[in-house]
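J.: predicted model and sequence below, questions to follow.
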Amino acid sequence: MSVESFARADICAVAIAETFRGDGEILANPIGTIPMVGGRLARATFEPDLMMTDGEAALIANDEAFEWPDGKVLETWNPYRRMFDIVWSGRRHVIMSPTQIDRYGNMNFAAIGGDLAQPKVQLLGLRGAPGNTICHPTSYWVGNHNAKTFVDQVDVVCGIGYDRAAALGPVASRFHEIRRVVTNLCVIDFDTPDHRMRLRSVHPGVAVGEVVEATGFELVVPDEVPVSRLPTDEELRLLYEVIDPTNLRGKEVPD
């Protein structure tokens, strides 16, 4: 395996890993297949102090993203009462997957259409998104970048974006940070004066125009948009031999 041979899913996993760069000793909580792979990759390489949840009630030491029943290397018990202490103190970075997201990072995965009492489509509900986005860094993973997900206005605000956090004042903005949105096409951030979405990079083989067309509002697009970082040889070895040898990530983002 070499840097000359990689899949789109590998690029996405590396981009997810990069969202954790500089986090140090906090709890990484990547939810979903590629987020889990990317989180494990970050800890196995440049962020070794990350604490990693097993998605249930423990912290684990192993790099494998999808453990067999006896494959977990447990570090400590992490019940909800301890999790809330971590969340409320800002020492967590979660990756969630929005059904809708707008230009300021307001996110919805509760319901689509109608009113909240009787929507056209019922989804997950608000879940932990309100507290996550106020209490600690949050990033998002979108496996299918399209204009139905990237919308001008979300139907229900589950996780708050930069405009709503600013309107709420210090109570919401103390730990508020929507760090990145990683998709199957690109990486997006909010590093603009008014915190509108900015195209940070496009994945190899993706044109800027393809991203613009798949977004339901006007992105901030720099004059020069770089290509997303390629995986190193060591990162590819970890992905293919240790973290996700059955390539579940490739089923989520096929080439």
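T.: Received the coordinates, thanks. This structure is a prediction, so every number in the text was calculated from the model and none was measured.
J.: what number of residues lie near residue 124?
T.: Counted by other CB atoms under 10 Å, the residues lying close to residue 124 total 14. The way it works is simple: take the backbone N, C-alpha and C, and place the C-beta from them, glycine included.
J.: likewise for residue 14?
T.: Neighbours of residue 14 under the rule other CB under 10 Å: 26.
J.: how about it, what does it touch?
T.: 38, 41, 228-231, 235 (CB atoms under 8 Å, 6 or more residues apart in numbering).
J.: from residue 54, how far off is the nearest residue to residue 142 once chain neighbours are set aside?
T.: Excluding the flanking residues, the one nearest residue 142 by CB to CB, 6 or more residues apart in numbering is residue 183, at 4.2 Å. Residue 183 sits 26 Å away from residue 54 when distances are taken as CB to CB, to the nearest Å.
J.: so if I had to pick from the two, which one is more boxed in?
T.: With neighbours defined as other CB under 10 Å, residue 183 and residue 54 compare such that residue 183 has more, 25 against 16.
J.: show me the contacts for the more buried one.
T.: Here residue 183 is in contact with 12, 141-145 (criterion: CB under 8 Å, 6+ apart).
J.: show me what stretch 30-37 is in contact with.
T.: Stretch 30-37 is contacted from outside by 9, 12-13, 16, 38-39, 55, 65-66, 94-97, 141, 143, 239, 243-244, 248-249, 251-253, using CB under 8 Å, 6+ apart.
J.: buried residues in it?
T.: The neighbour-count check on stretch 30-37 (16 or more other CB atoms under 10 Å) flags 30, 32-37 as buried.
J.: stretch 57-77 now?
T.: Residues 58-60, 62-63, 65 are the ones in stretch 57-77 that count as buried (16+ other CB under 10 Å).
J.: gap between the two ends of that stretch?
T.: Terminal residues of stretch 57-77 lie 6 Å apart, using CA to CA, to the nearest Å.
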